[in-house]
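>>> Got a sequence here, can you model it:
(chains A and B)
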Amino acid sequence: AQSVTQLDSHVSVSEGTPVLLRCNYSSSYSPSLFWYVQHPNKGLQLLLKYTSAATLVKGINGFEAEFKKSETSFHLTKPSAHMSDAAEYFCVVSEITGGFKTIFGAGTRLFVKA
Amino acid sequence: GAVVSQHPSRVICKSGTSVKIECRSLDFQATTMFWYRQFPKQSLMLMATSNEGSKATYEQGVEKDKFLINHASLTLSTLTVTSAHPEDSSFYICSALASGGPNTGELFFGEGSRLTVL
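This is a model prediction of the structure:
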(Lines give C-alpha, C1' and ligand atoms only; values in the text may rest on other atoms or scores of the structure.)
Protein backbone atom coordinates (compact mmCIF):
# COMPACT_ATOMS: atom_id res chain seq x y z
CA ALA A 1 0.00 0.00 0.00
CA GLN A 2 1.12 3.51 -0.71
CA SER A 3 1.71 6.15 1.90
CA VAL A 4 3.56 9.43 2.12
CA THR A 5 4.83 11.04 5.29
CA GLN A 6 6.04 14.60 5.38
CA LEU A 7 7.93 14.74 8.60
CA ASP A 8 7.50 18.45 9.31
CA SER A 9 4.25 20.39 9.16
CA HIS A 10 6.16 23.68 9.36
CA VAL A 11 9.71 24.67 8.51
CA SER A 12 11.11 28.13 9.12
CA VAL A 13 14.41 29.35 7.61
CA SER A 14 16.14 32.67 7.12
CA GLU A 15 16.56 34.08 3.66
CA GLY A 16 19.80 32.87 2.10
CA THR A 17 20.04 29.72 4.24
CA PRO A 18 19.49 26.14 3.05
CA VAL A 19 16.07 24.53 2.87
CA LEU A 20 15.33 20.90 3.74
CA LEU A 21 11.82 19.49 3.48
CA ARG A 22 11.60 15.84 4.41
CA CYS A 23 9.48 13.15 2.81
CA ASN A 24 9.33 9.39 3.39
CA TYR A 25 7.18 7.04 1.36
CA SER A 26 6.10 3.45 1.16
CA SER A 27 5.07 1.74 -2.03
CA SER A 28 4.47 -1.81 -3.12
CA TYR A 29 5.87 -1.17 -6.58
CA SER A 30 8.36 1.13 -8.25
CA PRO A 31 6.81 4.49 -7.58
CA SER A 32 7.07 7.85 -9.23
CA LEU A 33 7.69 10.66 -6.77
CA PHE A 34 6.92 14.34 -7.08
CA TRP A 35 7.23 17.58 -5.21
CA TYR A 36 4.61 20.27 -5.79
CA VAL A 37 4.41 23.82 -4.46
CA GLN A 38 1.20 25.66 -3.70
CA HIS A 39 0.97 29.38 -3.08
CA PRO A 40 -2.11 30.71 -1.24
CA ASN A 41 -5.38 30.23 -3.11
CA LYS A 42 -3.55 28.76 -6.09
CA GLY A 43 -3.29 25.37 -7.71
CA LEU A 44 -0.25 23.15 -7.55
CA GLN A 45 2.92 23.69 -9.53
CA LEU A 46 5.31 20.84 -10.23
CA LEU A 47 8.79 21.44 -8.83
CA LEU A 48 10.38 18.17 -9.84
CA LYS A 49 9.73 14.47 -10.36
CA TYR A 50 11.51 11.16 -10.05
CA THR A 51 10.53 8.39 -12.45
CA SER A 52 13.24 5.70 -12.09
CA ALA A 53 15.97 7.58 -13.92
CA ALA A 54 18.69 9.57 -12.12
CA THR A 55 18.28 9.47 -8.35
CA LEU A 56 19.26 13.13 -7.94
CA VAL A 57 16.58 15.19 -9.56
CA LYS A 58 16.89 18.88 -10.31
CA GLY A 59 13.78 20.98 -10.53
CA ILE A 60 12.73 24.54 -11.05
CA ASN A 61 13.73 27.54 -8.93
CA GLY A 62 16.90 25.87 -7.67
CA PHE A 63 15.18 22.98 -5.91
CA GLU A 64 16.43 19.43 -6.05
CA ALA A 65 15.60 16.11 -4.43
CA GLU A 66 17.37 12.82 -4.00
CA PHE A 67 15.63 9.48 -4.21
CA LYS A 68 17.09 7.08 -1.64
CA LYS A 69 15.50 3.68 -1.97
CA SER A 70 17.31 2.23 1.05
CA GLU A 71 15.87 4.99 3.24
CA THR A 72 12.57 5.27 1.33
CA SER A 73 13.09 9.00 1.30
CA PHE A 74 12.74 11.79 -1.22
CA HIS A 75 13.79 14.95 0.61
CA LEU A 76 13.55 18.33 -1.08
CA THR A 77 16.45 20.77 -0.76
CA LYS A 78 17.52 24.20 -1.91
CA PRO A 79 20.92 25.76 -1.14
CA SER A 80 19.64 29.26 -0.49
CA ALA A 81 16.09 30.23 0.41
CA HIS A 82 14.37 33.20 -1.15
CA MET A 83 11.39 35.08 0.24
CA SER A 84 9.31 33.94 -2.73
CA ASP A 85 9.83 30.31 -1.68
CA ALA A 86 7.42 30.75 1.21
CA ALA A 87 4.54 28.41 0.36
CA GLU A 88 3.06 24.99 1.01
CA TYR A 89 4.96 22.01 -0.37
CA PHE A 90 3.49 18.60 -1.08
CA CYS A 91 5.31 15.32 -1.58
CA VAL A 92 3.35 12.98 -3.83
CA VAL A 93 3.78 9.32 -4.76
CA SER A 94 2.04 7.72 -7.69
CA GLU A 95 1.75 4.25 -9.12
CA ILE A 96 0.22 2.79 -12.23
CA THR A 97 -1.19 -0.49 -10.98
CA GLY A 98 -4.68 -1.23 -12.19
CA GLY A 99 -5.15 2.48 -12.72
CA PHE A 100 -3.27 5.66 -11.95
CA LYS A 101 -3.25 6.39 -8.24
CA THR A 102 -1.67 9.26 -6.36
CA ILE A 103 -1.21 9.83 -2.67
CA PHE A 104 -0.48 13.28 -1.25
CA GLY A 105 1.54 14.01 1.82
CA ALA A 106 0.02 16.27 4.45
CA GLY A 107 2.11 19.19 3.28
CA THR A 108 4.89 21.30 4.79
CA ARG A 109 4.50 25.01 5.21
CA LEU A 110 7.77 26.81 4.51
CA PHE A 111 8.30 30.18 6.18
CA VAL A 112 11.19 32.38 5.05
CA LYS A 113 12.38 35.13 7.37
CA ALA A 114 14.09 38.25 6.11
CA GLY B 1 4.18 23.72 -21.07
CA ALA B 2 0.92 21.87 -20.56
CA VAL B 3 -1.83 23.97 -19.00
CA VAL B 4 -5.00 23.05 -17.16
CA SER B 5 -7.61 25.77 -16.98
CA GLN B 6 -10.15 25.70 -14.17
CA HIS B 7 -13.21 27.95 -14.21
CA PRO B 8 -14.54 29.77 -12.32
CA SER B 9 -11.70 30.60 -9.97
CA ARG B 10 -14.13 31.96 -7.40
CA VAL B 11 -17.86 31.49 -7.02
CA ILE B 12 -20.34 32.53 -4.39
CA CYS B 13 -23.78 31.00 -4.39
CA LYS B 14 -26.86 30.73 -2.24
CA SER B 15 -27.65 27.60 -0.27
CA GLY B 16 -29.72 25.15 -2.31
CA THR B 17 -28.38 26.16 -5.72
CA SER B 18 -26.08 24.12 -7.94
CA VAL B 19 -22.66 25.17 -9.11
CA LYS B 20 -20.64 23.82 -12.04
CA ILE B 21 -16.85 23.93 -12.16
CA GLU B 22 -15.00 23.22 -15.41
CA CYS B 23 -11.57 21.69 -15.84
CA ARG B 24 -9.97 21.92 -19.28
CA SER B 25 -6.67 20.64 -20.58
CA LEU B 26 -5.69 23.37 -23.03
CA ASP B 27 -2.96 21.80 -25.14
CA PHE B 28 -3.06 18.11 -24.39
CA GLN B 29 -5.54 15.29 -24.12
CA ALA B 30 -6.47 13.67 -20.84
CA THR B 31 -8.49 10.48 -20.67
CA THR B 32 -8.30 10.72 -16.90
CA MET B 33 -8.88 13.74 -14.70
CA PHE B 34 -9.07 13.96 -10.93
CA TRP B 35 -11.08 16.16 -8.60
CA TYR B 36 -9.80 17.12 -5.16
CA ARG B 37 -11.12 19.06 -2.25
CA GLN B 38 -8.85 21.04 0.02
CA PHE B 39 -9.86 22.36 3.42
CA PRO B 40 -7.93 25.29 4.92
CA LYS B 41 -4.37 24.42 5.84
CA GLN B 42 -4.83 20.79 4.85
CA SER B 43 -3.66 18.55 2.07
CA LEU B 44 -5.66 17.63 -1.01
CA MET B 45 -8.34 14.98 -0.60
CA LEU B 46 -9.12 12.98 -3.71
CA MET B 47 -12.85 13.05 -4.36
CA ALA B 48 -13.16 11.16 -7.61
CA THR B 49 -11.44 9.96 -10.74
CA SER B 50 -13.06 11.14 -13.95
CA ASN B 51 -12.69 8.93 -17.02
CA GLU B 52 -13.56 10.16 -20.49
CA GLY B 53 -16.64 8.45 -21.83
CA SER B 54 -17.45 6.50 -18.68
CA LYS B 55 -18.72 6.99 -15.16
CA ALA B 56 -16.52 8.59 -12.57
CA THR B 57 -15.05 6.56 -9.74
CA TYR B 58 -15.75 8.12 -6.37
CA GLU B 59 -13.66 7.78 -3.24
CA GLN B 60 -15.21 6.35 -0.13
CA GLY B 61 -17.41 8.86 1.67
CA VAL B 62 -17.96 11.11 -1.37
CA GLU B 63 -21.60 11.33 -2.42
CA LYS B 64 -21.85 10.80 -6.16
CA ASP B 65 -25.31 12.35 -6.30
CA LYS B 66 -24.02 15.42 -4.54
CA PHE B 67 -20.91 15.86 -6.64
CA LEU B 68 -21.79 15.10 -10.26
CA ILE B 69 -18.85 14.55 -12.57
CA ASN B 70 -18.99 14.51 -16.33
CA HIS B 71 -16.04 13.87 -18.64
CA ALA B 72 -17.58 14.23 -22.07
CA SER B 73 -14.43 14.90 -24.06
CA LEU B 74 -10.68 14.32 -23.90
CA THR B 75 -10.11 17.90 -22.75
CA LEU B 76 -13.01 18.70 -20.44
CA SER B 77 -14.31 17.43 -17.13
CA THR B 78 -16.96 19.17 -15.05
CA LEU B 79 -17.83 18.95 -11.38
CA THR B 80 -21.33 20.03 -10.36
CA VAL B 81 -22.03 20.58 -6.69
CA THR B 82 -25.77 20.02 -6.43
CA SER B 83 -27.98 21.69 -3.84
CA ALA B 84 -24.97 23.31 -2.26
CA HIS B 85 -24.85 24.00 1.46
CA PRO B 86 -22.40 26.04 3.54
CA GLU B 87 -20.47 22.90 4.50
CA ASP B 88 -19.66 22.43 0.81
CA SER B 89 -17.65 25.64 0.86
CA SER B 90 -14.11 24.69 0.01
CA PHE B 91 -11.27 24.92 -2.48
CA TYR B 92 -11.77 22.45 -5.31
CA ILE B 93 -8.82 21.51 -7.52
CA CYS B 94 -8.72 19.39 -10.64
CA SER B 95 -5.82 17.64 -12.29
CA ALA B 96 -5.43 16.06 -15.70
CA LEU B 97 -3.29 13.06 -16.56
CA ALA B 98 -1.71 13.64 -19.95
CA SER B 99 -2.35 10.82 -22.43
CA GLY B 100 -0.35 10.94 -25.65
CA GLY B 101 2.26 13.49 -26.62
CA PRO B 102 5.51 14.46 -24.89
CA ASN B 103 3.96 14.74 -21.41
CA THR B 104 2.27 11.36 -21.35
CA GLY B 105 1.80 10.10 -17.80
CA GLU B 106 2.39 13.48 -16.18
CA LEU B 107 -0.17 15.09 -13.94
CA PHE B 108 -1.05 18.77 -14.37
CA PHE B 109 -3.13 20.79 -11.93
CA GLY B 110 -5.66 23.52 -12.38
CA GLU B 111 -5.49 26.73 -10.40
CA GLY B 112 -8.39 25.72 -8.18
CA SER B 113 -11.90 27.05 -7.60
CA ARG B 114 -12.93 28.67 -4.35
CA LEU B 115 -16.59 27.90 -3.62
CA THR B 116 -18.43 29.86 -0.95
CA VAL B 117 -21.98 28.88 -0.15
CA LEU B 118 -24.00 31.45 1.79
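
>>> okay, and for chain B, where does confidence drop off?
Chain B contains residues with pLDDT under 70 at B:1.

>>> Show me which residues of it sit near chain A.
Proximity of chain B to chain A (C-beta under 8 Å from any C-beta of the partner chain) is limited to residues B:4, B:6, B:32, B:34, B:41-44, B:46, B:49, B:91, B:93, B:95, B:97, B:105-112, B:114. (Glycine included, C-beta is placed from N, CA and C.)

>>> Give me the buried subset of those residues.
B:4, B:6, B:32, B:34, B:43-44, B:46, B:49, B:91, B:93, B:95, B:97, B:106-112 (16 or more other C-beta atoms under 10 Å in any protein chain shown).

>>> Among those, name the ones in helices.
Of these, none are assigned to helices by DSSP state H.

>>> Sort out for me which of these are in strands.
B:4, B:6, B:32, B:34, B:44, B:46, B:49, B:91, B:93, B:95, B:97, B:107-109 (DSSP state E).

>>> Which member of those is positioned nearest chain A?
Within those, the smallest distance to chain A is 4.1 Å, found for residue B:109 (C-beta to the nearest C-beta).

>>> interface residues of chain A facing chain B?
Chain A comes close to chain B at residues A:34, A:36, A:41-46, A:49, A:51, A:90, A:94, A:96, A:99-100, A:102, A:104-107, A:109, as judged by C-beta under 8 Å from any C-beta.

>>> Filter those residues down to the buried ones.
By neighbour count, with 16+ other C-beta under 10 Å, the residues of chain A next to chain B hold A:34, A:36, A:42-46, A:49, A:90, A:94, A:100, A:102, A:104-105, A:107, A:109 as buried.

>>> Could I get the contacting residues of residue 107?
All of this is about chain A. Contacts for residue A:107 (C-beta atoms under 8 Å, 6 or more residues apart in numbering or on different chains) come out as A:6, A:9, A:38, A:88-90, B:42-43.

>>> not what I meant, chain B
Counted by C-beta under 8 Å, 6+ apart, residue B:107 has contacts A:34, A:46, A:94, A:102, B:34, B:95-98.

>>> Check the gap between it and residue A:32 for me.
Distance of residue B:107 to residue A:32, given as C-beta to C-beta, to the nearest Å: 9 Å.

>>> Now do the shared contacts for those two.
Joint contacts of residue B:107 and residue A:32 (C-beta under 8 Å, 6+ apart) are residue A:94.

>>> Nearest the middle, which residue of chain A would you pick?
When chain A is reduced to its mean C-alpha position, the nearest residue by C-alpha atoms, centre = their mean turns out to be residue A:35, at 3.3 Å.

>>> what's across from that residue in the sheet?
Taking DSSP bridges, one obtains residue A:48, residue A:91 as the residues bridged to residue A:35.

>>> list the contacts for it?
Here residue A:35 is in contact with A:21, A:23, A:46-49, A:59, A:63, A:65, A:74, A:76, A:89-92 (C-beta under 8 Å, 6+ apart).

>>> for residue B:8, same thing?
Residue B:8 sits next to B:21, B:113 when contact means C-beta under 8 Å, 6+ apart.

>>> If anything else comes up later, I'll come back, but that's it for now.
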